[in-house]
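Asks: the amino acid sequence is not available; the structure is as follows:
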């Protein structure tokens, strides 16, 4: 019994000694853990600054200075999720979907270590266990409450509320984003960067970055993101789309800016290049009206704010840019011809930019940018230099016919409108140009005996009205009359200059398609003979085709209506788009390039606007002031020959 008491006494003392040893051991272990350097931990937890698939060696310094921003002396083993987009490696696929902040979600998973669980907390997390009473606090040097002169905790620890809940990562601003955004806003006011930039582009960028609180769109602490690099590569490839790559002031895709100002410069340069490319792709390189008043077209350009919003949300921003180019088959066919022509020029030692054939292709591709984005599934196409009209259905020509277009002096304008009616046996109202230049001089001239000569009116069966009321032409003193206030009309019949059919597509140019009393003129190779309207050979075929599509009429019904000889109009239930174009280069159905004469000299003017002093495209056409031949004005007695409309 005494022995057991002695052992029990020693046992109590031993328990005290063991307890003291355990407390001391815990302190030593804590101190040992506190002495570990964060760099040692990095060997077991990949850093967000390292490219995916490139694990670092223990103790090795980062080779990229941009990977370690100034002021960050210690790396957290659990980086803040909101800052991952800042350290995005530059080799990610361009097709990765964009996040709200303009980053690839895939990048956040490939470049970031999985956050440790509660049971695997690193030294910084031990601050959550507060010692009680007067116990020794071996871990307090690791994570005390930050004092005035003490280093702040990493962003992930600082963002964790005291109640233990976790702030969603999407609400956190990437580390270092605020200084870069501030630098971008300042850089947008830099006169050097603003020079040459479109005011609407600058305004859109100022609005975007003025409201933005997340990371920049394209630049990261590691340089350009993979999406940005894909954009730069596509813009450098602009030549394959008919644009000049040198027109865009691009930063190098591999640039590694060392300062926030340098990051801001790269971001602004790329953003401006993106907006400029979008504008050029949609026909904003040169205004149609700057080339000629004949071009009554307005390119369908996108608002820069829309471009920025859509490209930031795009999973493939480079593909977004190329999708802005015209989608018409002719544009794509010309593009393919262009790529081959450039390759051929280089192979033969010629400079593509100075090649006349290549410049002609570029000029015609540019005109497609001015066309409506949608031509229609069923439309009429009048190509003025080709002297042809076509009906296109579902992308295929189902009707082709010869036409006559305006003389150089009365050039046919270029525009699009909708055909709304077809008139059988139309009457004709003399247009102002013919009143001023043809009727007026003859009426003022008078007869040799001093009497008024109105034979030009009677021989061509022209009736006269003044402010809507019929008047006797013989009672008018034409030497003093304002001919603009008089209306001259020719009734339907075999002598009507419009023939038996008229196709109306209302427009401000008073231009329409019609029949003619001079079918022999279609034998001419260069048919610039009218006063601006388009004369169609065998127009009854066109009428039958259009009315069969719209109303199910047969060709015989069209013939019967014409045979009646009465003036009557037929309204189309579905208006048909009519496109008047000026394309001197067209790829035919067999894939062969067809070149047409530049009848109005517009290619040369456009080349000068696009290429400046390097223009090589000459006025290869027989552009001249056309004179009327004997059949186009030799006799005042033949109104159809004199005017022709």
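Replies: Happy to help now that I have it. Being a predicted model, the structure only gives us computed values, none of them experimental. Residues are numbered from 1 along each chain as shown.
Asks: what bits of the stretch 501-645 of the chain have low per-residue confidence?
Replies: 619-645 (pLDDT under 70).
Asks: oh sorry, the question was meant for the stretch 151-300 of the chain
Replies: 151-177.
Asks: which parts of it are helices?
Replies: 155-158, 177-187, 191-194, 199-211, 226-236, 260-281, 288-291 (DSSP state H, counting those that start in this stretch).
Asks: which strands and helices sit next to the third one?
Replies: In other words, helix 191-194. Using 3 or more Cβ pairs under 8 Å, 6 or more residues apart in numbering; DSSP states H and E, the elements in contact with helix 191-194 are helix 260-281. C-beta coordinates here come from the backbone N, C-alpha and C atoms, glycine included.
Asks: next, the buried residues of the helix it packs on.
Replies: Buried residues in helix 260-281, counted by 16 or more other Cβ atoms under 10 Å: 260-281.
Asks: same thing with stretch 370-380?
Replies: Under 16+ other Cβ under 10 Å, the buried positions of stretch 370-380 are 370, 371, 372, 375, 376, 378, 379, 380.
Asks: biggest separation within these, which pair?
Replies: 370 and 378 (21.6 Å; Cβ to Cβ).
Asks: now the residue nearest to residue 208 when sequence neighbours are not counted: how far from residue 180?
Replies: Distances taken as Cβ to Cβ, 6 or more residues apart in numbering place residue 308 nearest to residue 208, at 5.3 Å, with adjacent residues excluded. For residue 308, the distance to residue 180 (Cβ to Cβ, to the nearest Å) stands at 17 Å.
Asks: how about residue 239?
Replies: Residue 239 is 32 Å from residue 180, by Cβ to Cβ.
Asks: between the two, which one's more packed in?
Replies: Between residue 239 and residue 180, counted using other Cβ atoms under 10 Å, residue 180 has the larger neighbour count: 24 against 16.
Asks: could you break this protein into its assigned domains?
Replies: Domain assignment for the chain, taken from automatic domain parsing, gives 177-325, 368-421+501-553+569-645.
Asks: so which bits of the one helix or strand the residue nearest to residue 208 maps to are buried?
Replies: Using DSSP states H and E, residue 308 falls within helix 304-313. By 16+ other Cβ under 10 Å, the buried positions in helix 304-313 come out as 304, 305, 307, 308, 311, 312.
Asks: so the fourth one touches residue 206, yeah?
Replies: No - using Cβ atoms under 8 Å, residue 308 makes no contact with residue 206, being 11.2 Å away.
Asks: overlap in contacts of the two?
Replies: Here residue 308 and residue 206 have no joint contacts, going by Cβ atoms under 8 Å, 6 or more residues apart in numbering.
Asks: that older thread, wait, which of the domains of the chain is closest to residue 336?
Replies: Of all the domains of the chain, domain 368-421+501-553+569-645 sits nearest to residue 336, with 8.2 Å by Cβ to Cβ.
Asks: which residue packs closest to residue 567, ignoring adjacent ones?
Replies: residue 492 (4.6 Å).
Asks: returning to what we had before: show the contacting residues for the residue nearest to residue 208.
Replies: 204, 205, 208, 217, 271, 274, 275.
Asks: read off the pLDDT value for the closest residue to the first one other than its chain neighbours.
Replies: This points to residue 204. Nearest non-adjacent residue to residue 204, counting by Cβ to Cβ, 6+ apart: residue 304, 3.6 Å away. If you check residue 304, the pLDDT there is 97.
Asks: shouldn't residue 304 be in contact with residue 276?
Replies: No - when contacts are counted by Cβ under 8 Å, residue 304 is not listed as touching residue 276 (9.7 Å).
Asks: mark which of the buried residues of stretch 370-380 are part of strands, please.
Replies: Among the buried residues of stretch 370-380, the members falling in strands (DSSP state E) are 378, 379, 380.
Asks: which among those gets closest to residue 580?
Replies: Closest approach to residue 580 among those (Cβ to Cβ): residue 380, at 9.2 Å.
Asks: just list whatever residues bridge to the closest one.
Replies: Residue 380 has these beta-bridge partners by DSSP bridges: residue 391, residue 578.
Asks: ok, now how distant is it from residue 492?
Replies: In terms of Cβ to Cβ, residue 380 sits 24 Å off from residue 492.
Asks: same question, residue 406
Replies: 24 Å.
Asks: so how many other residues sit close to residue 350?
Replies: Neighbour count for residue 350, taken as other Cβ under 10 Å: 14.
Asks: doesn't it fall inside a helix?
Replies: No - counting by DSSP: H, G, I helix; E, B strand; the rest coil, residue 350 is not found in a helix; it is coil.
Asks: now it: phi and psi?
Replies: For residue 350, the backbone dihedrals are phi -100, psi 150 (criterion: degrees, to the nearest 10).
Asks: contact partners for it?
Replies: Applying Cβ under 8 Å, 6+ apart to residue 350 gives no contacts.
Asks: okay, it: pLDDT?
Replies: So, for residue 350, pLDDT stands at 93.
Asks: repeat for residue 30
Replies: 42.
Asks: kindly check the end-to-end length of stretch 423-437 for me.
Replies: Start-to-end span of stretch 423-437 (Cα to Cα, to the nearest Å) is 27 Å.
Asks: show residues contacting that stretch.
Replies: Surrounding stretch 423-437, the residues in contact under the criterion Cβ under 8 Å, 6+ apart are 410, 439, 462, 483-484, 486-493, 496-498, 500-504, 510, 514, 531-532, 561-562, 564-570, 643, 645.
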